[in-house]
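Colleague: Task: produce atomic coordinates for the following.
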Amino acid sequence: MQKILLFFIVLITGALPVKGFKTLTDAQKYALKKGQGNIFKPQQFKQLLHEVVQYRENIGYAGRFLLKLTPYPDTTFIVWGPLKGAFSSLVRTLTFIKKLGIIDNEFKLTNAATYLVFNGDVINGSETSLETLNLVLSLMHANPKNVFYIKGYAEDALHWQNDNLKKALREKAYTVSDESIPLGQAMTRFFDTLPLRRREAGPQLPGGFIATKAPNRLLLALSNITSHI
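Modeller: Below you'll find the predicted structure:
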């Protein structure tokens, strides 16, 4: 039996320092503002971004494309709607699925038949966009075949350069890049490796989600735009 968990994220703002989170415990501490000093490590973030981009480009993820996955019985999908930089909310939901035994403290999924789906617009809309992206990158790095980050409006067509992520990179990553937007080229390359959303119809669920489940497929959506995975 396929299972799906839908998380409807409440936007929470407030600037936090950033790092490449190695464990969920790290992220929990910083979400609670218990980290000491300036914990952003731009070189570490740059390396994380580079490794994720390189892996995805090497397997052919680039340009305008769709991804399809045919789930087997007992496949579990865990789905987030538009986070819009809601770092603390993402940490809380990850803490919840860790308690369920779905991920471990190092972000590794405990079952190969489990998939995490970020349904676009992970960034912008909050001062914690960089932290949120950093955490999603950590999940992708730990589970390269089991995390689907779908391209939303914020990630498409250089829209990411119009809001909080650009500001955060200029403030916190200028020491590792001399671009006008630090790490801008690598960031654009990363967003170019994300699959597009596919327009499909489906029943309306509370909170703006549309989800349609049929044999051998699971369709996930926000509003009238559906992601075929």
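
Colleague: which secondary structure elements does the longest helix along the chain contact?
Modeller: Secondary structure of the chain read by DSSP state H shows that its longest helix is helix 42-58. In terms of contacts (3 or more C-beta pairs under 8 Å, 6 or more residues apart in numbering; DSSP states H and E), helix 42-58 is packed against helix 129-142, helix 184-192. The way it works is simple: take the backbone N, C-alpha and C, and place the C-beta from them, glycine included.

Colleague: Just the buried positions in it, please.
Modeller: Neighbour-count burial for helix 42-58, counted by 16 or more other C-beta atoms under 10 Å, picks out 42, 44, 45, 46, 48, 49, 52, 53, 56.

Colleague: phi, psi of residue 90?
Modeller: Residue 90 has phi and psi values of phi -60, psi -40 when expressed as degrees, to the nearest 10.

Colleague: thinking again about what came up before, right, so the helices and strands packed on helix 42-58: which one is the most enclosed?
Modeller: Counting by mean count of other C-beta atoms under 10 Å, helix 129-142 has the highest mean neighbour count of those, with a mean of 23.

Colleague: Packing partners of the following helix or strand past that helix?
Modeller: Next along the chain after helix 129-142, taking DSSP states H and E as the criterion, comes strand 147-149. Counting contacts by 3+ C-beta pairs under 8 Å, 6+ apart, strand 147-149 packs against strand 114-118, helix 129-142.

Colleague: What mean pLDDT does the last one get?
Modeller: This points to helix 129-142. In this model, helix 129-142 has a mean pLDDT of 94.

Colleague: which residues of this protein fall in helices?
Modeller: With DSSP H, the ranges of helices along the chain come out as 24-31, 42-58, 87-99, 129-142, 164-172, 184-192.
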